[in-house]
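Student: What shape does this take:
(2 chains)
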Protein chains: 2
Amino acid sequence: MSQIDTQTRSSLQDEVWGKIQAAKKTVRTLGVLSAEDKNRALQAMAESLWEQRDLIYRANQEDVQEARKSGTPEARIDRLTLTEKRLLDIMEGLKQVAGLPDPVGETLETIERPDGLWIEKVRVPFGVIAMIYESRPNVTVDAAGLALKTGNAVVLRGGSEALRSNQALVNALRDGLRKSKVPADAIQLIERTERESVDILIRAKGKVDLVIPRGGAGLIQRVVENSLVPVIETGVGNCHVYVDAKADLEMATAIVINAKTQRPSVCNAMETLLVHESVANDWLPSIIRSLRDRGVEVRGCERTRSILQDARAENVLPASVEDYATEFLDLILAVRVVDSLDAAIEHIETYGTRHSEAIVTTDSAAADRFLAEIDAAAVYHNASTRFTDGFEFGFGAEIGISTQKLHARGPMGLREMTSYKYIIKGSGQIRQ
Amino acid sequence: MSQIDTQTRSSLQDEVWGKIQAAKKTVRTLGVLSAEDKNRALQAMAESLWEQRDLIYRANQEDVQEARKSGTPEARIDRLTLTEKRLLDIMEGLKQVAGLPDPVGETLETIERPDGLWIEKVRVPFGVIAMIYESRPNVTVDAAGLALKTGNAVVLRGGSEALRSNQALVNALRDGLRKSKVPADAIQLIERTERESVDILIRAKGKVDLVIPRGGAGLIQRVVENSLVPVIETGVGNCHVYVDAKADLEMATAIVINAKTQRPSVCNAMETLLVHESVANDWLPSIIRSLRDRGVEVRGCERTRSILQDARAENVLPASVEDYATEFLDLILAVRVVDSLDAAIEHIETYGTRHSEAIVTTDSAAADRFLAEIDAAAVYHNASTRFTDGFEFGFGAEIGISTQKLHARGPMGLREMTSYKYIIKGSGQIRQ
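Tutor: Numbering: from 1, shown residues only, chains lettered A, B, ... in the order given. Prediction:
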């Protein structure tokens, strides 16, 4: 872990612990704020972003220039860039979050005991949430807004290439808070972007209540492996569509094209198509042609390749085991012919990442088995995997998509950013 | 981590991974079993324990003899010993679990989207749960029963001193399952008790879905620090009772005696008593006398000691900062006089472990502030902290008490041993 000298580490630790401590001091105030006060603060944050837009654009341009100089790929520069349109979208996001119901304080359950003890299970904030993410500066504002709405303080650790943008954004957000009842210290930005600042943050057990990493597989793995604080893992989606023997093939075509091509770079896009052998001969040549027309590179199993050969269709590359295990996040698709529903389930169990899995079939018994037996956050019958998303599920907001089973699974909205506690009211009860 | 040679590690890994794999193979079957089938299996497990009681007692006696030989303290030998009464209690526990409602399959929420997508949030098992615990052999049966009821496979890793007992118990449980529809492999016991077998188990990410450690602080810390699998942390309770300026002092006396002395060795017992200065002069001498009469060693702050001196009561030892931070689990109590509700809250925030905290007062504004601002799994007004327990909360069972905020907080019953997934039914919907 330690490739830096002791003095650097100690100054890093001072910065990170200092910011955590400042955030923690606001927790008691945040936890009992009214929904109105939080919503007004969200509005003030949005207004402050607009007031300070020139500072924000200037800082962002410096980040972009720096990134260009160091040869950053255009796609990443695009993600980094803040335009007026993007800033307006970010502000709109804050206003939408203000409009959502406040989950904090909700009574989840009441229990009355025979001895008169009255137990209430009540939704409460986590306390201090650490967000660790990469280059998109919009995450800075989104995460701060969602944390504040749910009564949590937030410590943000964005990527180094967006540092100046994040500083300008967080300055504006904190200035906004100064016009509200929410303490400005509820939002903290770690400005040291050495990798070790992440380690210090995720090992601050007892100081930080929850870590949410968002980004590539490497970042997430690093956080999961080193964190002492509970983590919600987000991200990797190696998703499948299984076209069953009794599929409506027109529907299958629409779903497969949508799941692969509508936005290939996201985690709920399909990466492998599984096709039952009884429809493979008739349907595979046409769907593969359609996919190729849309720029998709197809890698097929032996049977896929021989069917295409028999159909005198253009040949495809062979699919390897590694292809089955890969989240391409690109216009690449593995295709495998399977001889049964069981084989499809086995394949998904072996290679899937428990994210989003779909079956296309008119056979309700097959659908029921698939929906019951597939172990994934979201299992679909006759719909595209692309719907796994907080907005598409109607949550009104999303902090990420969990691929673990503890606490939150699938799209995480406001409720998933809360914990609960038991409030017990007595009249002198003691235990016998 | 590695103080064993490569060959030993590799054979250990084979054992641990083999058992995880065997458990994992049962997950799909377990997940779709009916409540009746699971309840019959629990009955069969109980019957099998009784049929094999002689084998179980013999194995347990060997464990006990071995423990005696190596000078194990009597309290631990007592925890290790299986008597007929204890075995009957364990069997009764399984039967009670059979009688509880099955949480699996419960629809937690339904969402209908404008485009006709029908989303159901449904409760599902985790999959494979690893239980890591110390000497009590009853945990072996309790954990297996609760896991099975909730459709989970379980990999048990008990302490070395109970190995023979655990082997006999697990043999009986698996033989019971062979007479049911539940695969015997749903219950696995790791029989290698080197510390490294724990490391292998908790680093089996993707193979194990959840780790629950139960035991002393050392075990729990080791698991939290090394696990790659999500953990539910259980255990440490440094709990407080705060007697407010407006407390009913008779009630306070009863609650304080109960919270400290009814069972001092458990996590929900009180460890520090906080007393508002306005009642300290009148009440402290009498409560301290009552506690001492019950064998409690009292360690007081400066003000406590001077009040006792003024009252010509027997003096008490001084309380150190370390005392405030200690979970004594014994008939020892720290006492501190505070000058306000805020000071009490500050003390609990500084030294508490977010487990169970109580206020005794007739002032409802003070109670409301305490209940809202104290960050703990269970916050009490006018009741003993000793009620933080799955049975006392009416859950009918308990796998432990969580001191983290992610997923489960406080007593964990059957529902806390489940996750959920989203089942989405469509008619060809694609994302625009």
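Student: all helices of the stretch 301-432 of chain A, in order?
Tutor: Counting by DSSP state H, counting those that start in this stretch, one finds helices in the stretch 301-432 of chain A at the ranges A:302-310, A:321-324, A:341-351, A:364-373.
Student: Which of the ones you listed sits closest to chain B?
Tutor: When the helices of the stretch 301-432 of chain A are ranked by proximity to chain B, the top entry is helix A:364-373, at 5.0 Å, counting by Cβ to the nearest Cβ. C-beta: built from backbone N, CA, C; applies to glycine.
Student: picking that back up, point out the one among the helices of the stretch 301-432 of chain A that comes closest to A:D37.
Tutor: Among those, helix A:364-373 comes nearest to A:D37, with 42.7 Å by Cβ to Cβ.
Student: how big is the angle separating that closest one from helix A:341-351?
Tutor: Counting by axes from the mean of the first three to the mean of the last three Cα atoms, to 10 degrees, helix A:364-373 lies at 20 degrees to helix A:341-351.
Student: Now helix A:364-373: average pLDDT?
Tutor: Here helix A:364-373 scores 97 as its mean pLDDT.
Student: CA atoms of it as CSV?
Tutor: Output in CSV follows, covering the C-alpha atoms of helix A:364-373 (Å, rounded to 0.1, in the frame of the first residue of the first chain):
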residue,chain,number,x,y,z
SER,A,364,-44.8,-19.1,-19.1
ALA,A,365,-43.3,-22.2,-17.4
ALA,A,366,-39.9,-21.5,-18.9
ALA,A,367,-40.2,-17.8,-18.0
ASP,A,368,-41.2,-18.6,-14.4
ARG,A,369,-38.2,-21.0,-14.0
PHE,A,370,-35.8,-18.4,-15.4
LEU,A,371,-37.1,-15.6,-13.2
ALA,A,372,-37.0,-17.8,-10.1
GLU,A,373,-33.7,-19.6,-10.6
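Student: isn't A:R68 right up against A:D78?
Tutor: No. Between A:R68 and A:D78 there is no contact under Cβ atoms under 8 Å: 11.6 Å.
Student: Adding distance to A:M270 and mean neighbour count, write the helices of the stretch 301-432 of chain A out as JSON lines.
Tutor: Putting the helices of the stretch 301-432 of chain A into JSON lines (distance: least, Cβ to Cβ, whole Å; neighbours: other Cβ atoms under 10 Å in any protein chain shown) gives the following:
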{"stretch": "helix A:302-310", "distance to A:M270": "15", "mean neighbour count": "17"}
{"stretch": "helix A:321-324", "distance to A:M270": "13", "mean neighbour count": "15"}
{"stretch": "helix A:341-351", "distance to A:M270": "12", "mean neighbour count": "18"}
{"stretch": "helix A:364-373", "distance to A:M270": "15", "mean neighbour count": "17"}
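Student: which stretch among the ones you listed comes nearest A:G410?
Tutor: A:G410 lies closest to helix A:364-373 among the helices of the stretch 301-432 of chain A, at 14.2 Å (Cβ to Cβ).
Student: who touches stretch A:86-100?
Tutor: The contact list for stretch A:86-100 (Cβ atoms under 8 Å, 6 or more residues apart in numbering or on different chains) reads A:38-39, A:42-43, A:45-46, A:49-50, A:53, A:56-57, A:138, A:141-142, A:145-146, A:149, A:396-397, A:414.
Student: If we ignore the residues flanking it in sequence, what's nearest A:R354?
Tutor: Sequence neighbours aside, A:A376 is the residue nearest to A:R354 in space, at 4.7 Å (criterion: Cβ to Cβ, 6 or more residues apart in numbering or on different chains).
Student: Quick one, grab the pLDDT at that neighbour.
Tutor: At A:A376, the pLDDT value in this model is 97.
Student: Just the ones in helices from the contacts of stretch A:86-100, please.
Tutor: Of the contacts of stretch A:86-100, the ones assigned to helices by DSSP state H are A:38-39, A:42-43, A:45-46, A:49-50, A:53, A:56-57, A:138, A:141-142, A:145-146, A:149.
Student: Could you pull up the contacting residues of the residue nearest to A:N268 when sequence neighbours are not counted?
Tutor: Once flanking residues are discounted, A:N268 sits nearest to A:T388: 4.2 Å by Cβ to Cβ, 6+ apart. By Cβ under 8 Å, 6+ apart, the residues touching A:T388 are A:237, A:267-268, A:355-356, A:377-378, A:401, A:410-411, B:422.
Student: Got phi/psi on A:T388?
Tutor: Recorded main-chain torsions at A:T388 are phi -70, psi 100, according to degrees, to the nearest 10.
Student: and if you look at A:R409?
Tutor: Main-chain torsions, A:R409, degrees, to the nearest 10: phi -130, psi 130.
Student: Done for today, thanks.
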